[in-house]
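Trainee: would you be able to build a 3D model of this:
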Amino acid sequence: MFIDPDGRQIQMSIIDQPTVAKVGERLLDNYVVVGSMITGIFTGNPPHHIDGTPVTGSEGETAEMAVFLPVGIVKAAGEVTAEVAGAAIGDVAEGAAKGASTITENAAKGAAFEKQVGESLGGNKASQVTIQAADGTRTRVDWAQNNNGVPSLTEAKGSQTAPLTKAQSTAHPQIETSGGTVRGNKGAGIGLPAGTKIPPTKVDVVRPDDLLKTQ
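Mentor: Numbering: from 1, shown residues only. As a prediction, the model looks like this:
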């Protein structure tokens, strides 16, 4: 059984829990992709998945369909004579709209804080640089710097409780102990082109309280 935050319950006796969890994770990833596409209009940053990996091919269009198609279904539901069916679809769309709004709002706050952190770092920096850890896990750091051949990596988290993504949790410790490899050319302008080997470097996770201490 799924119990939503508003107290409504939908019986799912036929679907096993792992399947429900997988569907939920995919839905949340779609919201993150669409949210990053929207904020990218203002920030110039490319869209990304919930784990930080870049959106490729038709993934963006697929995510848009998954997020916005239910809204179209609800508009068409006015022609459905079954009141219960219409109400159920309305509840799903309302929950989806609230979720999309929250994710978009959080993404905008995150982008604003990321910019603020970048301004505090000074010059000779590049944003959204992808680093591959020893086990192949890739993660994009918000800011990479190259100070006289010594790289530094910074990840901005817009709240005190925002968690690391799965990819970040896996890659950050490896990069700190074993270093990593730059993928893509986002860092080329500061001397960190694709293929550059990063020595063991701690990814500095900066949160609002940390930034206040430096001001």
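
Trainee: quick one: pLDDT of Met65?
Mentor: With respect to pLDDT, Met65 scores 75.

Trainee: again with Thr139
Mentor: 96.

Trainee: check which helix or strand it maps to.
Mentor: strand 138-147 (DSSP states H and E).

Trainee: would you indicate which residues of the one helix or strand Ala171 maps to are buried?
Mentor: Element membership of Ala171, judged by DSSP H and E, is helix 166-178. Neighbour-count burial for helix 166-178 flags Ala167, Gln168, Thr170, Ala171, His172, Gln174, Ile175 (criterion: 16 or more other C-beta atoms under 10 Å). C-beta coordinates here come from the backbone N, C-alpha and C atoms, glycine included.

Trainee: my read: the fifth one touches Thr201, true?
Mentor: No - at 10.0 Å, His172 and Thr201 do not qualify as touching, with contact defined as C-beta atoms under 8 Å.

Trainee: can you list the domain ranges for this structure.
Mentor: Domains of the chain are assigned by automatic domain parsing as 2-117, 122-214.

Trainee: compare the mean pLDDT across those domains and name the weakest.
Mentor: Ranked by mean pLDDT, these bottom out at domain 2-117, with a mean of 66.

Trainee: so which elements touch the strand holding Thr139?
Mentor: Packed against strand 138-147 by the contact rule (3 or more C-beta pairs under 8 Å, 6 or more residues apart in numbering; DSSP states H and E) you find helix 83-121, strand 125-132, strand 150-156, helix 166-178.

Trainee: just checking: what are the partner strands of the following helix or strand past the last one?
Mentor: Per DSSP H and E, the first helix or strand lying C-terminal to helix 166-178 is strand 180-183. Using DSSP bridges, strand 180-183 pairs in its sheet with strand 125-132 (antiparallel), strand 197-198 (antiparallel).

Trainee: looking at those, which is buried most?
Mentor: For the strands paired with strand 180-183, the largest average neighbour count (mean count of other C-beta atoms under 10 Å) is found in strand 125-132, namely a mean of 22.

Trainee: send the alpha carbons of that one over as CSV?
Mentor: Taking C-alpha atoms only, strand 125-132 is exported to CSV below (Å, rounded to 0.1, in the frame of the first residue of the first chain):
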residue,chain,number,x,y,z
LYS,A,125,37.4,28.4,-12.3
ALA,A,126,35.1,26.3,-14.4
SER,A,127,31.6,25.1,-13.6
GLN,A,128,30.0,21.6,-14.0
VAL,A,129,33.2,19.7,-14.6
THR,A,130,32.7,15.9,-14.8
ILE,A,131,35.2,13.8,-12.9
GLN,A,132,35.4,10.0,-13.2
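
Trainee: for it, give me every contacting residue.
Mentor: 45-46, 54, 114, 118, 138-145, 153, 171, 175, 180-184, 186-190, 192, 198 (C-beta atoms under 8 Å, 6 or more residues apart in numbering).

Trainee: got the CA positions of the strand holding Thr139 in PDB?
Mentor: Only the C-alpha atoms of strand 138-147 are listed here, as PDB (Å, rounded to 0.1, in the frame of the first residue of the first chain):
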ATOM      1  CA  ARG A 138      31.100   9.900 -12.900                       C
ATOM      2  CA  THR A 139      30.100  13.000 -10.900                       C
ATOM      3  CA  ARG A 140      29.900  16.600 -11.900                       C
ATOM      4  CA  VAL A 141      31.400  19.100  -9.500                       C
ATOM      5  CA  ASP A 142      29.800  22.600  -9.400                       C
ATOM      6  CA  TRP A 143      33.200  24.300  -9.500                       C
ATOM      7  CA  ALA A 144      36.700  23.200 -10.400                       C
ATOM      8  CA  GLN A 145      39.800  25.400 -10.000                       C
ATOM      9  CA  ASN A 146      43.300  25.100 -11.200                       C
ATOM     10  CA  ASN A 147      45.700  27.100  -9.000                       C
END
